[in-house]
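**Q** turn this into a model:
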Amino acid sequence: ARRTNPREDQRIMPQIQYSEKYYDDIYEYRHVVLPPDIAKLLPKGRLLSEAEWRGLGVQQSRGWVHYAIHRPEPHIMLYRRTLNYGQPALTDAANKANQQ
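**A** As a prediction, the model looks like this:
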């Protein structure tokens, strides 16, 4: 049996496209554009859990939440996470280190 090379698979399959991040005072946002063969697997009219969108092949760091559906273009998935996600733990550790 021939093993497939992940790079070859990426060339054959249409790519999932990831936007740059954009921001407001509370959240950072990004959108992900699914190719038609993956978009047809989306359930109609509901948001996806992290396990579901990862199962479709969307790859992002921790903390992103599928928060809205853009009805005219449901193949564009909208994500957000709180600004500075994951950094309070770093701040707490730094504060403890400074107190010693």
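**Q** please count neighbours and contacts with C-alpha atoms only from this point.
**A** OK.
**Q** in three-state terms, label the residue nearest to the spatial centre of the chain for me.
**A** Compute the mean C-alpha point of the chain, and by C-alpha atoms, centre = their mean the closest residue is residue 60, 4.2 Å away. Following DSSP: H, G, I helix; E, B strand; the rest coil, the label given to residue 60 is coil.
**Q** quick one: it from residue 51, how far?
**A** 12 Å (C-alpha to C-alpha, to the nearest Å).
**Q** picking up where we left off before, need the contact list for the residue nearest to the centre of the chain.
**A** Counting by C-alpha atoms under 8 Å, 6 or more residues apart in numbering, residue 60 touches no other residue.
**Q** what does the pLDDT read for it?
**A** What the model reports for residue 60 is a pLDDT of 96.
**Q** which residues does residue 76 bridge with?
**A** residue 33 (DSSP bridges).
**Q** ugh, wrong one, residue 22
**A** Counting by DSSP bridges, the residues bridging with residue 22 are residue 29.
**Q** these two touch, right, it and residue 79?
**A** No - contact criterion C-alpha atoms under 8 Å: residue 22 and residue 79 do not qualify, at 10.5 Å.
**Q** now for those two: what residues contact both?
**A** Shared contacts of residue 22 and residue 79, counting by C-alpha under 8 Å, 6+ apart, come down to 29, 30.
**Q** more neighbours: which of those two?
**A** residue 79 (19 against 11; other C-alpha atoms under 10 Å).
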